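Student: Please work out how this folds:
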Amino acid sequence: MMNIGAVSLGWSGTKLPQVFDELAAMGGTVIEINGNSQRHHDIGLDAHTIPQILTWAKHSGLTIGSLSGYCDFALSTAVDAGAEAALDAEIARLMTTCRAASEMQVPVVRTFVGDAKPGVTFAGARRGIVAALRKASALAGVLGVTLGIENHGRLVNDGPALVELVREVGAPNLGFTIDTGNFAWAGHDATQVQVDFEALLPLIVNVHIKDGKWTDDGFVFVPAGEGELPLGWLLSSLKARGYEGPIYSEYEGGEAFREGTRRSIAYLRRAVANLDSA
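Tutor: Sure, this is the predicted structure:
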């Protein structure tokens, strides 16, 4: 059974116990904690704080299903000692979150490829990205952690291209954190988004749900179930594939965050319940 919850980032500035209680009151049962928890929730993820955080989550009836890691492997089109050292620093940054996940017995860490920047192209940076992902996946594997690359930013926000990248890396503990709104946000139309979803489906290890509508002003986010993305198809396809991981609301629309999140979770709970009873 797929569990429904939310990512903690939208509650930035709120203490984790309050985040946990509010999410539970919305009907959530699972949470992704942001790896920059010191910045967003005023508490780091370390050996001293982790037992308390786990106790808070348990008290609220929540499971911590994943952590949001940060890294940028699209640093340079050059392959030299300086570029390798910079990539190693990014791997080390990601491993800080992976070690916390291992300590917390959290199975998945959200990961980035890297974003667009002046003078850096995906084709030019690809060799370094592949090498970094191979090294990071190997280190995460020792910790018992799976890395889930999020389709994020504008450097490579394309389903088939991301799948090709992961297959080139060839790591068994490397898959995808699908963000359902980011392909459309990056400019893909409805037909392209369906292709993106279908490409990632076999390798999805973590799910961030956004919804939205295509408008003359671009793609506008709305609560889940109130937009035009094929969320029902995705949830049904995940169930058919045997996916039992978390399904997180990540509302970023124009309405108040808590109200948008509450409506998104309510939709996701109904959708999953209908699938389970079918």
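
Student: What segments of the stretch 1-150 of the chain are strands?
Tutor: 3-7, 30-34, 63-68, 108-111, 146-150 (DSSP state E, counting those that start in this stretch).

Student: could you dump the second one to CSV, C-alpha only?
Tutor: Looking back up the chat, that one is strand 30-34. Output in CSV follows, covering the C-alpha atoms of strand 30-34 (Å, rounded to 0.1, in the frame of the first residue of the first chain):
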residue,chain,number,x,y,z
VAL,A,30,4.8,9.7,5.8
ILE,A,31,7.2,12.7,5.4
GLU,A,32,10.3,13.6,3.5
ILE,A,33,12.5,15.7,5.7
ASN,A,34,14.6,18.4,4.0
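
Student: what comes up buried for it?
Tutor: By neighbour count on 16 or more other CB atoms under 10 Å, the buried set for strand 30-34 is 30-34. All C-beta spots, glycine's among them, are computed from the backbone N, C-alpha and C.

Student: Could you report the separation of the residue nearest to the spatial centre of the chain from residue 256?
Tutor: Closest to where the C-alpha atoms of the chain average out (CA atoms, centre = their mean) is residue 177, at 4.2 Å. For residue 177, the distance to residue 256 equals 25 Å [CB to CB, to the nearest Å].

Student: go on, residue 97?
Tutor: 29 Å.

Student: likewise residue 142?
Tutor: Residue 142 is 42 Å from residue 256, by CB to CB.

Student: again, but for residue 44
Tutor: 28 Å.

Student: swap in residue 220?
Tutor: Counting by CB to CB, the gap from residue 220 to residue 256 is 16 Å.

Student: Give the lowest-confidence helix or strand of this structure, using mean pLDDT as the measure.
Tutor: Ranked by mean pLDDT, DSSP states H and E, the weakest helix or strand in the chain is helix 81-104, scoring a mean of 93.

Student: Brilliant, that's me finished.
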